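Chemist: The following comprises the amino acid sequence and a computationally predicted model.
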Amino acid sequence: MGRGGTLSDSVVRKAFLAYAYVLIWIALSFTVIVYNKYILDKKMYNWPYPISLTMIHMAFCSSLAFLLVRVLRLVEPVTMSRELYISSVVPIGALYALSLWLSNSAYIYLSVSFIQMLKALMPVAVYSIGILFKKDPFKSNTMANMLSISLGVAIAAYGEARFDSWGVFLQLGAVAFEATRLVMIQILLASKGISLNPITSLYYVAPCCFVFLFLPWIFVEYPVLKESSSFHFDFVIFGTNSLCAFALNLAVFLLVGKTSALTMNVAGVVKDWLLIAFSWSVIKDTVTPINLFGYFLAFLGVAYYNHSKLQALKAAEAQKKAALADEESGRLLEEREGDGLGRKNESQD
């Protein structure tokens, strides 16, 4: 009874922690998205400088990561040569810079709800780029699923009341660069046995990302900011916004590290629905029935995709357990045959 009670308490505790990680990640992701929209939207805080905002985030995250790694030494840095940094981290930093720049730019032109609908294309982009780089095999049923997600997003776009072609282009570009970054992490880092947690990831990637953002900032936003005499840097707004962005990186590590990437994908769908509801009810963005119908179709496609991945993981785990069981059985059989042969030799003596 005691053992059963202990097991039950352990299961309940693990489930409680898993839900806590999910809720923390949803809350922080929700906050960062709405906060960025508030800062960048011309009808709200009215500071439409997405490169500058992203650079502030990267400078804050770089400084805090450096403090934790080099000064306080709370996190051990990864052993990395200059050649590996240039060949692996620099391309990932460039892709991350482009993804953040374009995604933040989209908030100026599109509603929060429509942006979340467009983000449903992420599995499509990741799978397509995975095939392009020969990371994933082509499967007709998976591609059909990707087409169903794309169809749902297309219907949602058709029903969008505030459709903006440039905003859609920016958000689709952000999805493409982010998907490429995720695939490149697997190819350039994971395949070489290098694993970065959010602190070490920011320690290595954030400064590189800052440099790549600085180059377009000089030509695109700096001249405009230089001519604007009315702007005064608000440390409270930008400080809390950057702190939320840093905390979100930690929440991603907790969620994926303590549960799985699949859990984050499922939680992301819940977050998207919450953001759509918030965008409609609080920000007063227009959400049409065609919007919802199209996104519901995309949602079904994403849900099926996550279900398929879960079944594949379970099958791989079962296959791994069966292989270990066969190996153990073979080892025991060899030991018994060895013992039998030893006894036979002893009887002959």
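Modeler: Cool, got the structure.
Chemist: For whichever strand or helix holds Leu182, which outside residues touch it?
Modeler: Here Leu182 sits within helix 165-184, counting by DSSP states H and E. Residues outside helix 165-184 that contact it (CB atoms under 8 Å, 6 or more residues apart in numbering): 91-92, 95-96, 98-103, 105-106, 108-110, 115, 118-119, 121-122, 125-126, 128-130, 133, 135, 157. (Glycine included, C-beta is placed from N, CA and C.)
Chemist: among those residues, which ones are buried?
Modeler: By neighbour count, with 16 or more other CB atoms under 10 Å, the contacts of helix 165-184 hold 91-92, 95-96, 98-103, 105-106, 108-110, 115, 118-119, 121-122, 125-126, 128-130, 157 as buried.
Chemist: Could you list the buried residues of stretch 269-285?
Modeler: Those would be 269, 271-272, 275-276, 278-280, 283, 285, for stretch 269-285 by 16+ other CB under 10 Å.
Chemist: want to throw those into TSV with distance to Thr79, secondary structure and pLDDT?
Modeler: Listed next are the buried residues of stretch 269-285 as TSV, based on distance: CB to CB, whole Å; DSSP: H, G, I helix; E, B strand; the rest coil; pLDDT from 0 to 100:
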residue	distance to Thr79	secondary structure	pLDDT
Val269	38	helix	85
Lys271	36	helix	92
Asp272	38	helix	91
Leu275	40	helix	94
Ile276	44	helix	94
Phe278	44	helix	94
Ser279	45	helix	93
Trp280	49	helix	93
Ile283	46	coil	90
Asp285	48	coil	91
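Chemist: Identify the farthest-apart pair in the residues you listed.
Modeler: Within those, Val269 and Ile283 form the most distant pair, 20.3 Å apart (CB to CB).
Chemist: Helices - which of the buried ones among the contacts of helix 165-184 land there?
Modeler: 91-92, 95-96, 98-103, 105-106, 108-109, 115, 118, 122, 125-126, 128-130, 157 (DSSP state H).
Chemist: all helices of the stretch 1-150 of the chain, in order?
Modeler: Taking DSSP state H, counting those that start in this stretch as the test, the helices found in the stretch 1-150 of the chain are 2-40, 50-66, 82-84, 90-109, 112-118, 122-132, 140-158.
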